[in-house]
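>>> Show me how the following folds:
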Amino acid sequence: MSDEVSLMVTTEGLTALAEMALSTKSQTRLDELLAKNADGKLSADETMELDLLLTQVDELNLVKARAAATLHRIRN
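Prediction:
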């Protein structure tokens, strides 16, 4: 079974998806963890939390890219 999700989305919905960002709370925490990581001061739990946040960022970027590509195809 594919992990792909197919949705019927309006142009406005695609625009919203293409412009999505990590929540302010998550972005702030990500910045904190990245700074601690750069200093070599992450605990094991924080390392797992950072990995999870980075996975979420990767997934968000994929959704944004797919939405932007679909918008580009629709508009051109």
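>>> Could you check the pLDDT of the residue most central in space within the chain?
Among the residues of the chain, the one closest to the centroid is Leu60, at 2.3 Å (C-alpha atoms, centre = their mean). pLDDT, Leu60: 97.
>>> Next up, the contacts around it.
Met20, Ala21, Leu22 (C-beta atoms under 8 Å, 6 or more residues apart in numbering). (Glycine included, C-beta is placed from N, CA and C.)
>>> Roughly how far does it sit from Ala18?
Leu60 sits 11 Å away from Ala18, taking C-beta to C-beta, to the nearest Å as the criterion.
>>> got any residues that touch both of those two?
Counting by C-beta under 8 Å, 6+ apart, no residue touches both Leu60 and Ala18.
>>> Would you indicate which residues of the longest helix along the chain are buried?
The helix that spans the most residues within the chain, counting by DSSP state H, is helix 44-75. Neighbour-count burial for helix 44-75, with 16 or more other C-beta atoms under 10 Å as criterion, is recorded at Glu49, Leu50, Leu53, Ala67.
>>> Which residue, neighbours along the chain excluded, lies closest to the third one?
Once flanking residues are discounted, Leu53 sits nearest to Leu30: 4.8 Å by C-beta to C-beta, 6 or more residues apart in numbering.
>>> What strand or helix carries the one you found?
Leu30 is part of helix 24-38 when elements are defined by DSSP states H and E.
>>> who touches that helix?
Residues from elsewhere that reach helix 24-38, judged by C-beta under 8 Å, 6+ apart: Ala21, Leu22, Leu42, Glu46, Thr47, Glu49, Leu50, Leu53, Leu54, Gln56, Val57.
>>> Which one of those residues is nearest to His72?
Checking the contacts of helix 24-38 against His72 by C-beta to C-beta gives Ala21 as the nearest, at 19.6 Å.
>>> Now do the SS call for that closest one.
Put simply, Ala21 is coil when judged by DSSP: H, G, I helix; E, B strand; the rest coil.
>>> Quick check: the gap between the closest residue to it other than its chain neighbours and Leu71.
Spatial nearest neighbour of Ala21, excluding adjacent residues (C-beta to C-beta, 6+ apart): Gln27 at 7.4 Å. Using C-beta to C-beta, Gln27 is found at 24 Å from Leu71.
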